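Asks: Build me a structure from this.
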Amino acid sequence: MYKAKNVDTDKALEYINDSRRYQQQAETLAITSAQKYYEGIRKGLDIAEEIFTCSNCESKTGTYQDGALDVIYELAKELDVESQDIRNSGDSVEGMSAALADRIRDAFEITDNE
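Replies: Below you'll find the predicted structure:
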């Protein structure tokens with residue numbers, strides 16, 4: 001086995017200790033990075049869970065369709081046009097709006113060319 005005879009042991013020991021410090025810092029950085037990564041995942045999962053369990057997350061003000069139904073009702077009421085069957089049809093907002101527009105045209109005898 002080879003054994004060095006002219007080795008500066010102080011420099012060698014200093015290099016070994018520097019290497020230990022570097023490895024400790026690299027280990028600490030890797031652990032901290034992993035902890036932050038998984039902390040972010042946990043926070044994301046908590047947010048996703050709150051969507052399904054939060055009592056304040058559901059709007060009490062109604063949906064887009066509810067608002068459209070209110071507009072159809074108020075507009076038809078002002079124009080004295082029947083709209084109950086349109087609102088109860090279960091059609092899309094676009095379909096109900098088109099049906100109301102047709103009914104208004106018929107009630108006021110408006111043609112597309114006018």
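Asks: in the strand or helix carrying residue 66, what counts as buried?
Replies: Assessed by DSSP states H and E, residue 66 sits inside helix 64-79. The neighbour-count check on helix 64-79 (16 or more other C-beta atoms under 10 Å) flags 68, 69, 72, 76 as buried. Heads up, the C-betas are built off the backbone N, CA and C, glycines and all.
Asks: What is the burial count for residue 34?
Replies: Taking other C-beta atoms under 10 Å as the neighbour definition, residue 34 ends up with a count of 10.
Asks: Count the neighbours of residue 100 for me.
Replies: For residue 100, the count of nearby residues is 22 (other C-beta under 10 Å).
Asks: so it is in which element?
Replies: For residue 100, the host element (DSSP H and E) is helix 93-107.
Asks: tell me which strands and helices that helix is in contact with?
Replies: helix 64-79, helix 84-87 (3 or more C-beta pairs under 8 Å, 6 or more residues apart in numbering; DSSP states H and E).
Asks: related to what we said a few turns ago, what distance separates the helix holding residue 66 from the middle of the whole chain?
Replies: Relative to its parent chain, helix 64-79 has a centroid offset of 30 Å by C-alpha atoms, centre = their mean, to the nearest Å.
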